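Trainee: Make a model of this:
(2 chains, ligands or ions: 2)
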Amino acid sequence: MSTIDLPHQDDQQGRTPAPVVDNYLTYTRGIKSWIFTLDHKRIGVMYMVSVLVSFLVGGTFAILLRTELLPPGKTIVGADMYNQFFTLHGAIMVFLVIIPSIPAALGNFVLPIMLGAKDVAFPRLNLFSYWLWIAGAICAVVSLLMGGFDTGWTFYTPYSTTTETGGVIAVVTGVFILGFSSIFTGMNFIVTIHKLRPPGMTWFRMPLFLWSIYATAMIQVLATPVLAITLLLLIIERTLNIGVFNPSMGGDPVLFQHFFWFYSHPAVYIMILPAMGIISDVIAVHSHRHIFGYTFIAFSSIAIAVFSFLVWGHHMFTSGQSPLMNTIFSLITFSVSIPSAIKVFNWLATLYKGSISLNTAMLYGLSFIFLFTIGGLTGLHLGTLNTDIHLHDTYFVVAHFHYVMMGSALIAMIAGLHHWWPKMTGRMYSEFWGRIGCLLVFIGFNVTFFTQFMLGSQGMPRRYYDYLPEYQVYHVISTIGSYVMALGFVLTAVYLLASIMFGRRAPANPWGGRSLEWQCTSPPPHDNFKTTPRVGNCYDFSAVVWDEKQQGYVVDRSLDPTLNEPADKA
Amino acid sequence: MNRVIAPAMFLFCGASAAFASGGNTPRTFWMPEGASTIAPSIDHVFDMINWVCYFFFALVVIIMFWFMWKYRQRGRIVDAQGPTHNMALELTWTIIPIFIVAAMFFVGFKGFLNIVTPPENSYEIDVVAQKWAWEFKYPNGATSEDLYVPAGQPVKLIMSSRDVLHSLYIKDFRVKQDVIPGRYSYLWFQANEPTLNDDFHWLFCTEYCGFGHSNMNRKVYVLPEDDFAEWVVEQGQWLDKILDEDLYFKAGPKLFVRCVQCHSLDGTPGIGPSWGDHAGQGNIWERTVSGETVFDDGTKLSSLIGPGKAYETPEDYLRTSMLNPGKHLVQGYGNAMAVQALNDRAVDALIGMMKRIDEFDANGKWLKESELVDQEQQ
Ligand SMILES: [Cu+2]
Ligand SMILES: [Cu+2]
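Mentor: Ligands and ions are numbered 1, 2, ... in the order given. Predicted structure coming up:
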């Protein structure tokens, strides 16, 4: 049995002196120690801050859009501006927020610690990924200075190659660069999971978060290059007038859609898979019980990753692709729903006979189940061929993918943020305000987006600046919901920031987690663990005990039988 | 057997099944009015999926809240002992959904075959989309801005785009198809109920196409077969029937509808140069006659018009600007104007309108309408 750093002991009544061990935040100081850091935890934190700032920007555009749509016709901006706003909202949220949020921000922080490793396999590449992300974001800002872009986040040709807005090339270059950032992160994680697992951690003892990150990384590495090539072709067409997609130069505009969705459908799973991983862990830990059906959950992640490459055509049922292709894509699309359904049922079964603490993180986790169920089920209407013909490119689709991408992926990110916040910052936030914030976000979200299902099935097309008066009532409700949601997020930002200054010091293991990140101090020391620890079954909570003095849980390693197995079993 | 199924079907399909046999289906909580022959089957599938969704959503949410309450943490129990897996159960919830989605795929597929296979005897209408208008061309050469179709007969639209992607969507018919430049795509439907008393169905563009995307909506009129036949003939001759001297005010404003997205009449710059005062050079006719218009290479129009030059008369220049807009670009404007399908009389009408631009208000309405009425009454 190897040694592990036990959390240092507090003095009486849980009042905490400064930690004696070093922590990654104070290990070195000064701005340069951040800019050039190779520490995965700091890189994770930098990602997190950057992603949250982008979220603020993207969210601001969302609120402007909703406000513009309050009445038909002009409210605050003209049609040109509106088109730029929704494009920016989409592009920022997809490429700068959701895709990197869980893998790059939370994944970077916890993945190596979960493995008991000191860092990812390639720390320099990791830092490079981050700075590539920044470069991509800078390109987006430059594009705004060059006149912005109004192509929609999908960059459909020939509109994107002919529009007069000047920032198209800059932003496409930005997305191209962001793609590489994503590829490098994925590669890094694959190698890290293969090579740096600690003794005792077989594949099937990995926390499910790692399984999902692994499946995600596979998609990132395999799908993103296609996006990169597509965007390069787009740039070539726009600058050199070589016809690839534009029919007036002999190109094929539908080809672009195939290329684009060949990446962007899997990208949906780059967003949702890690979210599912977080939820598996959050639900198990806060129910204080072994996850139900570990193997099914793990394999369903892999199944989703594989299927995700075969369904891109479901975005194109009305695009003029052949009926046979539509049929095949519809069929395969339905097969993706099975692994997702399996996961939902397994999470529910995990609650069964648990000891559920309704912490903020858990509330977000449960919200995820609620919202993901709606998002997933409404996918059925869209996967079905004849109903999709009616619903395609209406608000029904908008509502559906907001339930999946925001209600699920982003809410899971926020669940993870709350789950690991004490670990990242060493501070506890106010559970009271946390719960209120979660409630506001949950209610606001549903009011905003559930309404849009009706709006869409009643026939309101998406990306509309102006609309028929008969749709106004839905738009008004939706906009009110978005304000409530915004309030919830502002509140969340306030109590989280307040916790950094005034929060109680976090114990090593505030929730009763069993995986390795809960066995080093909060915040973790620079090297995470002095020596690589042996691990047991990370969902076996029998070794977790409440420690009154620390006001937190501790993992009593002598209680876990799997830790005392002979080493060759590992 | 049927006695069990029929009420169940009614429950599942609500209003749509009840009305499927007769005329249009009314608007419901989820669906707009259904006015085509395929609408009921789509609504039916939609409702079926809905019920599957209601069931599973209720199942998940009720179980979730029930467990949340029943197994909430009491004290500090940290190691709850629940089952860690159950193969039989897990296989059950893997396999049952497979059957459900397989059924769903199948009904969707069957409905889809109907949507994509136009009947042989369809009435064909050509559709040309461009930013941000539709042009519908009927077999006899008539054209219209709004779509007119005969009732009780399958109609097939043969569509293409002059510029970027568009998508033609008629929500009440439940049909949608992208319109693609450089390629033809088809869409068919059959509407049985005529739209009476100026009633109509909306037609939307559902593929984002820029500035005017949300105003690319037009109306669809379903006419009884006889009325339709009459309408097409009349529509084919509308320009010919107008007297030459009336052309500019009777046909001009109607044609101007195709230009208004880009050209204003009151001097406000748009996607194209205003036909009112432009950059202090006067209105479209004044600056063309005086040759004040400046092109993007810095040259002036005056260098092109006159005996022995590219254009004999100002009218020739304007005609070319409409029929071959890319040939000269007015300074400050891109090559955004598509080639306009205008015949000689239409071009005459528009040039006539440009010559007397002061007689029109900012919306293209002819201001002397009342004088005309007065004259006729005298
Ligand atoms: Cu997809
Ligand atoms: Cu459009």
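Trainee: Distance from the chain centre to the strand or helix carrying residue A:419, please.
Mentor: Residue A:419 is located in helix A:411-425, with elements delineated by DSSP states H and E. Distance of helix A:411-425 from the chain centroid (C-alpha atoms, centre = their mean, to the nearest Å) equals 12 Å.
Trainee: Is there contact, residue-wise, from it to chain B?
Mentor: No: figure legend: helix A:411-425 not in contact with chain B (C-beta under 8 Å from any C-beta of the partner chain); closest approach 14.7 Å. Backbone N, C-alpha and C define where each C-beta goes, glycine included.
Trainee: packing partners for that helix?
Mentor: Identification of packing neighbours for helix A:411-425 by 3 or more C-beta pairs under 8 Å, 6 or more residues apart in numbering or on different chains; DSSP states H and E yields helix A:40-68, helix A:108-114, helix A:253-287, helix A:360-383, helix A:431-457, helix A:472-502.
Trainee: Let me see the mean pLDDT of it.
Mentor: Helix A:411-425 comes out with an average pLDDT of 96.
Trainee: now swap in stretch A:125-144 and tell me
Mentor: Mean pLDDT, stretch A:125-144: 94.
Trainee: do stretch A:492-510 as well
Mentor: The average pLDDT within stretch A:492-510 is 93.
Trainee: Now the terminal residues of that stretch, how far apart.
Mentor: 19 Å (C-alpha to C-alpha, to the nearest Å).
Trainee: Skip the chain neighbours and tell me the closest residue to residue B:286.
Mentor: In space, residue B:286 comes closest to residue B:292 once its chain neighbours are excluded; the distance is 7.7 Å by C-beta to C-beta, 6 or more residues apart in numbering or on different chains.
Trainee: three-state assignment of the one you found?
Mentor: Look at residue B:292: counting by DSSP: H, G, I helix; E, B strand; the rest coil, its state is coil.
Trainee: Near residue A:233, how many other residues are there?
Mentor: Burial of residue A:233 is recorded as 19 neighbouring residues (other C-beta atoms under 10 Å in any protein chain shown).
Trainee: any idea of the angle the helix or strand where it lies forms with helix A:411-425?
Mentor: Take DSSP H and E as the rule and residue A:233 turns out to sit in helix A:208-240. Using axes from the mean of the first three to the mean of the last three C-alpha atoms, to 10 degrees, one finds that helix A:208-240 and helix A:411-425 are set 110 degrees apart in direction.
Trainee: how about the strands in the stretch 151-300 of chain B?
Mentor: B:154-161, B:166-170, B:175-179, B:185-190, B:201-205, B:218-223 (DSSP state E, counting those that start in this stretch).
Trainee: One more: the stretch 51-200 of chain A?
Mentor: Going by DSSP E, counting those that start in this stretch, the stretch 51-200 of chain A shows no strands.
Trainee: low pLDDT regions in it?
Mentor: Filtered on pLDDT under 70, the stretch 51-200 of chain A yields no residues whatsoever.
Trainee: the helices in it, which residues?
Mentor: Remark: helices assigned in the stretch 51-200 of chain A by DSSP state H, counting those that start in this stretch are A:79-91, A:99-100, A:108-114, A:123-145, A:159-162, A:168-195.
Trainee: would you list the ones you listed in CSV and tack on mean neighbour count?
Mentor: CSV is the format used below for the helices of the stretch 51-200 of chain A (neighbours: other C-beta atoms under 10 Å in any protein chain shown):
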stretch, mean neighbour count
helix A:79-91, 21
helix A:99-100, 28
helix A:108-114, 27
helix A:123-145, 18
helix A:159-162, 25
helix A:168-195, 22
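Trainee: Please name the residues that touch residue B:23.
Mentor: Residues in contact with residue B:23 (C-beta atoms under 8 Å, 6 or more residues apart in numbering or on different chains) are B:192, B:193.
Trainee: give me the element it is part of.
Mentor: Following DSSP H and E, there is no helix or strand that holds residue B:23.
Trainee: ditto for residue B:148
Mentor: Assessed by DSSP H and E, residue B:148 sits inside strand B:147-150.
Trainee: measure the nearest residue to residue B:149 once chain neighbours are set aside to residue B:173 for me?
Mentor: Distances taken as C-beta to C-beta, 6+ apart put residue B:155 closest to residue B:149, at 4.7 Å, once the chain neighbours are dropped. As for residue B:155, its distance to residue B:173 is 10 Å (criterion: C-beta to C-beta, to the nearest Å).
Trainee: To residue A:352, which of the strands of the stretch 151-300 of chain B lies closest?
Mentor: Shortest distance between residue A:352 and those, using C-beta to C-beta, is found for strand B:175-179: 43.9 Å.
Trainee: near chain A at all, the closest one?
Mentor: Yes: Strand B:175-179 is in contact with chain A by C-beta under 8 Å from any C-beta, via B:175, B:176, B:177, B:178.
Trainee: Can you tell me which of the residues you listed is closest to residue B:169?
Mentor: Once C-beta to C-beta is applied, the member of the residues of strand B:175-179 next to chain A that ends up nearest residue B:169 is residue B:176, at 4.2 Å.
Trainee: which intervals of the stretch 51-200 of chain B have sub-threshold pLDDT?
Mentor: Within the stretch 51-200 of chain B, the segments meeting pLDDT under 70 span B:77, B:79.
Trainee: What segments of the stretch 201-350 of chain B are helices?
Mentor: Here the stretch 201-350 of chain B has its helices, by DSSP H, counting those that start in this stretch, at B:225-236, B:238-241, B:247-250, B:252-256, B:284-290, B:314-323, B:344-355.
Trainee: For the fourth one, list the C-alpha coordinates in PDB.
Mentor: It stands for helix B:252-256. What follows is helix B:252-256, C-alpha atoms only, in PDB (Å, rounded to 0.1, in the frame of the first residue of the first chain):
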ATOM      1  CA  GLY B 252     -44.400  50.200 -62.300                       C
ATOM      2  CA  PRO B 253     -45.400  49.900 -58.600                       C
ATOM      3  CA  LYS B 254     -46.200  46.200 -59.000                       C
ATOM      4  CA  LEU B 255     -42.800  45.500 -60.500                       C
ATOM      5  CA  PHE B 256     -41.100  47.700 -58.000                       C
END
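Trainee: now it: mean pLDDT?
Mentor: 85.
Trainee: who's in contact with it?
Mentor: Counting by C-beta under 8 Å, 6+ apart, residues outside helix B:252-256 touching it are B:342, B:346, B:349, B:350, B:352, B:353, B:360, B:364, B:365, B:366.
Trainee: which of those residues are close to chain A?
Mentor: Okay, of those, nothing touches chain A (C-beta under 8 Å from any C-beta).
Trainee: Whichever of these end up buried, select them in ChimeraX.
Mentor: Command for ChimeraX that selects the buried part of the contacts of helix B:252-256, burial taken from 16 or more other C-beta atoms under 10 Å in any protein chain shown:
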select /B:342,346,349,350,352,353,360,364,366
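Trainee: Could you identify the most distant pair in the contacts of helix B:252-256?
Mentor: Between any two of those, the greatest separation by C-beta to C-beta is 20.7 Å, found for B:342 and B:365.
Trainee: Do I have it right that residue B:251 meets residue B:240?
Mentor: No: if you go by C-beta atoms under 8 Å, residue B:251 and residue B:240 don't touch, sitting 10.2 Å apart.
Trainee: Would you mind telling me which of the two has more residues around it?
Mentor: residue B:251 (21 against 8).
Trainee: List the contacts of the nearest residue to the more buried one once chain neighbours are set aside.
Mentor: Nearest residue to residue B:251, sequence neighbours excluded (C-beta to C-beta, 6+ apart): residue B:349, at 3.8 Å. Residue B:349 makes contacts with B:239, B:247, B:248, B:250, B:251, B:252, B:255, as judged by C-beta under 8 Å, 6+ apart.
Trainee: Could you single out the nearest of these to residue B:141?
Mentor: Comparing the contacts of residue B:349 against residue B:141 with C-beta to C-beta picks out residue B:239 as the nearest, at 10.8 Å.
Trainee: Now do residue A:129 against residue B:260, distance only.
Mentor: Per C-beta to C-beta, residue A:129 is found 50 Å from residue B:260.
Trainee: Having no further points to raise, I will conclude here.
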